[in-house]
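Asker: Below are the sequence and a predicted model; questions follow.
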Amino acid sequence: MSYVGGGSDIKSFYAQEPGAVLSTAIDKYMYVTLHKRFDDGLRIAYSRTEEVDDVEQILHPLVREALKKMEISGGVEITSTADIPAKGTGLGSSSSYTVGLLTALHAFKGLQVSNTKIAEMACDIEINRCGEPIGKQDQYAAAIGGLKLYEFLPDDTVTVAPVIAAGEFKKQLNDETLIFYTGGTRSASNILAEQTRNNTHSSKVRILRRMTELAHEFKRGIEFADIQYLGELLQENWSLKTRLASGITNKLIDEMYQAGIQAGARGGKLLGAGAGGFMMFIADKRRHDEITKALAKYRAFKFSIENSGSQVIYYD
């Protein structure tokens, strides 16, 4: 779940100057299970089921490219389940799946690997091998976990800085964050492809430069325990983000956002590329009932900050 800076993790921007995103992992999970088959075939179960004899026959691009990258040609069954809809929600489900799959494949082969390396491999699969017009933030957040500031550098490296939050304030930030489901998923590809094209325009570069600054300011706001300041930064970030590409917002999202702000939220934003998924607000807990009432037709989403990244929870 990113707070500020999203969009500056796309290469068309950070290849010219550093981008930055401040985000947190949350306690909603993607579970990937691998099982050795008796034969040399491949079975992949997700929203559909594939049974094939050759890796190249796999339709799921993330699975196909992950198996090729890991040099696994057959004899494995892969299944997955998720706590939230598997794609189009703005909560990094596709990248979480890729990260979880790579973690499981390394365990399957008996290999030790760092979570940073998993993130790098996931970026390579999604962005380079599958050609998705996406950024890098979701892969790193899913792999590494916790509340972090990620910087995306022109040499294609990523630096990770922990955000030092006092225990009481971290709990306050967690407790004062509300999330509502807009009721629909969306494909981010078209929005992100347009944003990638736009990122060479001077006006968009200035916007992303400011959003990068906001990520660093948000970090300082957390470290100084200033929740009101964080709300203001969130509002500015959302205002800037809506100008990056058409389709990021729409009438329903605008009305939803304004309803939350008018009911007392300090600030808010739509999570992910735009057009659907989840809306997030920061608000004093005394205003939560009023905000929830104002957004009664939307499903509230409970979560907690998750300190851990991708990990093997059972190995036999």
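Answerer: Nice, thanks for sending it over.
Asker: for the stretch 151-300 of the chain, which spans come out with low pLDDT?
Answerer: 184-201, 246, 273-276 (pLDDT under 70).
Asker: And the strands in it?
Answerer: Along the stretch 151-300 of the chain, the segments classed as strands by DSSP state E, counting those that start in this stretch run 158-162, 177-181, 267-270, 278-282, 299-301.
Asker: what's the closest of those to Tyr150?
Answerer: strand 158-162 (5.9 Å; Cβ to Cβ). Heads up, the C-betas are built off the backbone N, CA and C, glycines and all.
Asker: residue contacts, the residue lying closest to Trp238 once chain neighbours are set aside?
Answerer: Counting by Cβ to Cβ, 6 or more residues apart in numbering, Trp238 lies nearest to Lys269, which is 4.0 Å off, once chain neighbours are set aside. Applying Cβ atoms under 8 Å, 6 or more residues apart in numbering to Lys269 gives the contacts Tyr3, Leu234, Asn237, Trp238, Lys241, Met279, Met280.
Asker: ok, the last one touching Glu176?
Answerer: No - Met280 is beyond contact range of Glu176, at 11.0 Å (criterion: Cβ atoms under 8 Å).
Asker: Could you check which of these two is surrounded by more residues?
Answerer: Per other Cβ atoms under 10 Å, whichever of Met280 and Glu176 has more neighbours is Met280, with 25 against 20.
Asker: what about the helices in the stretch 51-200 of the chain?
Answerer: With DSSP state H, counting those that start in this stretch as the criterion, the stretch 51-200 of the chain has helices at 61-69, 93-108, 115-123, 137-144, 167-176, 189-198.
Asker: and the fifth one, what does it pack onto?
Answerer: Judged by 3 or more Cβ pairs under 8 Å, 6 or more residues apart in numbering; DSSP states H and E, the packing partners of helix 167-176 are helix 202-223, helix 227-241.
Asker: I'd like the strands of the stretch 151-300 of the chain as a markdown table, with distance to Lys68 appended.
Answerer: Listed next are the strands of the stretch 151-300 of the chain as a markdown table, based on distance: least, Cβ to Cβ, whole Å:
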| stretch | distance to Lys68 |
| --- | --- |
| strand 158-162 | 23 |
| strand 177-181 | 35 |
| strand 267-270 | 34 |
| strand 278-282 | 33 |
| strand 299-301 | 35 |
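Asker: The helices of the stretch 51-200 of the chain: which one's closest to Ala296?
Answerer: helix 167-176 (19.6 Å).
Asker: Mind listing what's buried along that closest one?
Answerer: Going by neighbour count (16 or more other Cβ atoms under 10 Å), the buried part of helix 167-176 is Lys170, Gln172, Leu173, Glu176.
Asker: Can you lay out these as JSON lines showing distance to Phe224?
Answerer: Below are the buried residues of helix 167-176 laid out as JSON lines (distance: Cβ to Cβ, whole Å):
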{"residue": "Lys170", "distance to Phe224": "13"}
{"residue": "Gln172", "distance to Phe224": "13"}
{"residue": "Leu173", "distance to Phe224": "12"}
{"residue": "Glu176", "distance to Phe224": "16"}
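Asker: I'm done for today, thanks for sticking with me.
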